[in-house]
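Engineer: Next comes the sequence, and after it the predicted model I'd like to discuss.
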Amino acid sequence: QVQLVESGGGLVQPGGSLRLSCAASGFTFSTYAMSWYRQAPGKGRELVAGITSTGGSRTYADSVKGRFTISRDNAKNTVYLQMNNLKPEDTAVYYCNAPVRPGGYWGQGTQVTVSS
């Protein structure tokens, strides 16, 4: 079955960096676009970044453009989110999504907390 396992979250000071990973299994990873979403306390889930199956095209939410970079390694079935210059408003649970079915599959999420 499809499994997505996020890792790499943690507590970081404003201006710091984190690199999230999402290890995928149970489907042909290299043929699907992948996305990162986040959900802050009391808010809905929002799309942060997306990447096509080959990695040739990437999209970002306006709030993270220039600070976050999505990438993937199809040999490792893994998608990454490099987050630089983190701000307190980036605090959220981050999820990866695989559109293998309507609505996609979700991992368990990884908590990112940006605080001094």
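Structural biologist: Perfect, I can see it now.

Engineer: what about residue 16, neighbour count?
Structural biologist: Neighbours of residue 16 under the rule other CB atoms under 10 Å: 15. C-beta coordinates here come from the backbone N, C-alpha and C atoms, glycine included.

Engineer: For residue 48, see how far away the residue nearest to it when sequence neighbours are not counted is.
Structural biologist: The shortest distance from residue 16 to any non-neighbouring residue, by CB to CB, 6 or more residues apart in numbering, is to residue 86 (5.3 Å). Between residue 86 and residue 48 the distance is 12 Å, computed by CB to CB, to the nearest Å.

Engineer: what's the answer for residue 33, then?
Structural biologist: The value you get for residue 33 to residue 48, if CB to CB is used, is 14 Å.

Engineer: between those two, who's got more neighbours?
Structural biologist: residue 48 (24 against 18).

Engineer: Wasn't that one part of a strand?
Structural biologist: Yes. Per DSSP: H, G, I helix; E, B strand; the rest coil, residue 48 lies within a strand segment.

Engineer: what helices or strands is the worst-scoring helix or strand of the chain on mean pLDDT leaning on?
Structural biologist: Within the chain, no helix or strand scores below strand 105-106, which has a mean of 94 by mean pLDDT, DSSP states H and E. Here strand 105-106 touches strand 92-98, going by 3 or more CB pairs under 8 Å, 6 or more residues apart in numbering; DSSP states H and E.

Engineer: In PDB, list the C-alpha atoms belonging to the strand it packs on.
Structural biologist: Extracted C-alpha coordinates of strand 92-98, given in PDB (Å, rounded to 0.1, in the frame of the first residue of the first chain):
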ATOM      1  CA  ALA A  92       3.000  24.300  11.200                       C
ATOM      2  CA  VAL A  93       2.700  20.500  10.600                       C
ATOM      3  CA  TYR A  94       4.100  19.800   7.200                       C
ATOM      4  CA  TYR A  95       2.700  17.000   5.100                       C
ATOM      5  CA  CYS A  96       3.700  15.500   1.700                       C
ATOM      6  CA  ASN A  97       1.000  14.500  -0.700                       C
ATOM      7  CA  ALA A  98       1.000  11.900  -3.500                       C
END
